[in-house]
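**Student:** A predicted structure for the sequence below; I have some questions about it.
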Amino acid sequence: MPADHVIVSTTTDSESEATALASSAIEHRLGACAQVVGPLTSVFRWDGAVQTEREWRVDIKTVADRVPGLTDHLKAEHSYDVPEIIATPIEGGSAEYLDWLVEETADPA
């Protein structure tokens with residue numbers, strides 16, 4: 001059974017883009033809360049070569065049924081050709097916080 005709550009993560013090459021992605025996701029109620037973490041060092045293979053880049057990670061807390069819309073939103077707003085977008089289930093936590101997460105991602109009445 002899939003988790004009801006998830007953290008969706010992405011990375012980008014600037015703090016300003018990371019903050020814009022976080023803000024946009026929250027403004028559109030696709031997530032309840034987002035953190036920007038960085039800078040960090042990412043090592044990956046791209047175009048046949050190993051790359052080392054400075055990046056910022058955005059972690060967005062949301063509910064499972066918002067993940068497809070959040071994924072589409074991040075793809076549309078992201079500057080990368082193939083952005084990292086990974087959803088990790090939240091297996092537990094504060095009931096009050098998780099209730100708040102659900103409330104903040106609900107469609108406004």
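**Tutor:** Sure thing, it's come through.

**Student:** What is the neighbour count of residue 63?
**Tutor:** 22 (other CB atoms under 10 Å). All C-beta atoms are positioned from the backbone trio N, CA, C, and that covers glycine.

**Student:** for residue 76, same thing?
**Tutor:** 8.

**Student:** got the CA coordinates for the lowest-mean-pLDDT helix or strand in the chain in PDB?
**Tutor:** The weakest-scoring helix or strand in the chain, judged by mean pLDDT, DSSP states H and E, is helix 95-105 (a mean of 93). What follows is helix 95-105, C-alpha atoms only, in PDB (Å, rounded to 0.1, in the frame of the first residue of the first chain):
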ATOM      1  CA  ALA A  95      -0.100  13.200  13.500                       C
ATOM      2  CA  GLU A  96      -0.700  16.900  13.900                       C
ATOM      3  CA  TYR A  97       2.000  17.800  11.300                       C
ATOM      4  CA  LEU A  98       0.700  15.200   8.800                       C
ATOM      5  CA  ASP A  99      -2.900  16.500   9.300                       C
ATOM      6  CA  TRP A 100      -1.600  20.000   8.600                       C
ATOM      7  CA  LEU A 101       0.200  18.700   5.500                       C
ATOM      8  CA  VAL A 102      -3.100  17.300   4.200                       C
ATOM      9  CA  GLU A 103      -5.000  20.500   4.900                       C
ATOM     10  CA  GLU A 104      -2.400  22.700   3.200                       C
ATOM     11  CA  THR A 105      -2.400  20.600   0.000                       C
END
